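Asks: Whatever this is, show me its structure:
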Amino acid sequence: MRGETINISTSTIFRIVLVILLFVFLYLIKNILVLLFATLIIAAAMSRPVSWMQKHKIPRILGTIIAYIVVFLAFGLILYLLLPPLASETKSLSENLPTFLSQIQGWFMSVQKYIEPTYTNNDFQFLNQLSNRLAGAATNIFGTTIIIFGGIFSFISILVVSIYLTFQEKALKQFAVSMLPSQYQVYATSIIDRSQVRVGAWVGGQVVLGVVVGVLAFIGLSILHVKYALVLAILAGMLEIVPYIGPVISAVIAALFALLESPILAVWVLILFWVIQQAENYLLVPQIMKKAVGLNPLVVIVAIMVGGELAGFFGILLSVPLAAVLAEVLKDLQKT
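Replies: Presented below is the predicted three-dimensional model:
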């Protein structure tokens, strides 16, 4: 049997090397890409109310100014109302957390008398680390915020670019089209239009869900007289942005704090969060998220895991809308 030879031209090798270098470059600037994608998500979300005002004869530039001012005022009012009690609860929590962790560890040790010994002191190291981090965050809230947003410069850049993209309705389309060959320009415009609708609906829906869940959790935890109800409720609302996984984490954390009071209270807290989750799944989500991403739950979980591995906290936040955009592309490929 005669061996076959495969000839690889210099141009082919050059293209392969070029593609590899491109992927390496994209990996090196992944943080910038994450911030850019966050900007696009904000612009897509803000474009919905601005477009609505434009349909009602309000100039787009005026609608953009009104929309962002309303958002800033809303956040300012929320911070004004919640920051003092939140700071007080957070400070108290950071001071008492080491004691709470010791109580939880003691409770687990007492349970070991009736079950096979599984837990060791090493299993609670992460709780001690949590205590230290929470204490640091409580004493430097502003610094923690800056870290989350990647610095003041990054925050201002996201804000300025998102305002520009919201005002210039076709700026994103024109930019994307100009970067592509002519045969792909029409398709790119179609993808951008559909992605903006999906991502905008997802962002708006997540904000509404987070607020509703946070309010319901605060009311329920207050009725049950659970300590640090405000902190736990805000945490529950914020974790709504991580589908499926976030609500479970918030329920477990709240139950652990309730466990410090009594096991019965912890059970009631779990029941409370289960009721909230059922109301969310069967009442809120069908109405609020009907036009949103519409992805399979398994796809969402995998996207969150991949996003967290590649880009950390921001990767988790942006994984679902990015998966929605990729889903639109894959849907089109299946039709061809």
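Asks: Tell me which helix or strand the nearest residue to residue 272 once chain neighbours are set aside sits in.
Replies: In space, and not counting its chain neighbours, residue 272 is closest to residue 220: 4.3 Å by C-beta to C-beta, 6 or more residues apart in numbering. Heads up, the C-betas are built off the backbone N, CA and C, glycines and all. According to DSSP states H and E, residue 220 maps onto helix 182-223.
Asks: Tell me how far the residue nearest to residue 272 lies from residue 281.
Replies: Going from residue 220 to residue 281 by C-beta to C-beta, to the nearest Å gives 17 Å.
Asks: Please say which of those two ends up with more neighbours.
Replies: residue 220 (21 against 11; other C-beta atoms under 10 Å).
Asks: Tell me the predicted confidence for the more buried one.
Replies: We have a pLDDT of 94 for residue 220.
Asks: Make 50 the first number, not 1, from now on.
Replies: In the new count, where the first residue is 50, that last one comes out as residue 269.
Asks: unless I'm mixing things up, it is touching residue 326, no?
Replies: No: judged on C-beta atoms under 8 Å, residue 269 makes no contact with residue 326 at a distance of 11.9 Å.
Asks: which neighbours do these two share?
Replies: The overlap between the contact sets of residue 269 and residue 326 (C-beta atoms under 8 Å, 6 or more residues apart in numbering) is empty.
Asks: one step back: how about the residue nearest to residue 321, what does it touch?
Replies: Residue 269 neighbours (C-beta under 8 Å, 6+ apart): 321, 324-325.
Asks: which residues in this protein form helices?
Replies: Here the chain has its helices, by DSSP state H, at 59-77, 79-104, 109-160, 174-188, 190-197, 201-216, 220-227, 231-272, 278-288, 294-308, 312-328, 334-337, 346-384.
Asks: For the ones you listed, which has the smallest mean pLDDT value?
Replies: helix 190-197 (a mean of 48).
Asks: distance of the residue nearest to residue 321 from residue 234?
Replies: On the measure of C-beta to C-beta, residue 269 and residue 234 end up 52 Å apart.
Asks: just residue 132 next, same as before
Replies: 48 Å.
Asks: which one of these two has more residues nearby?
Replies: Shown here are residue 132 and residue 234; by other C-beta under 10 Å, residue 234 has more neighbours (15 against 12).
Asks: now the contacts of residue 269: which count as buried?
Replies: 321, 325 (16 or more other C-beta atoms under 10 Å).
Asks: can you redo the contacts of residue 269 as JSON lines with distance to residue 86?
Replies: Shown next, in JSON lines, are the contacts of residue 269 (distance: C-beta to C-beta, whole Å):
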{"residue": "321", "distance to residue 86": "35"}
{"residue": "324", "distance to residue 86": "35"}
{"residue": "325", "distance to residue 86": "30"}
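Asks: ok, the contacts of residue 269 vs residue 377, which is closest?
Replies: residue 325 (31.3 Å; C-beta to C-beta).
Asks: ok, the residue nearest to that closest one when sequence neighbours are not counted to residue 255 distance?
Replies: Distance criterion C-beta to C-beta, 6+ apart; nearest residue to residue 325, sequence neighbours excluded, is residue 265 at 5.1 Å. Using C-beta to C-beta, residue 265 is found at 16 Å from residue 255.
Asks: and what of residue 205?
Replies: Taking C-beta to C-beta, one finds residue 205 at 24 Å from residue 255.
Asks: Of the two, give the one with the bigger neighbour count.
Replies: Neighbours were counted for residue 205 and for residue 255 using other C-beta under 10 Å; residue 255 has more, 21 against 11.
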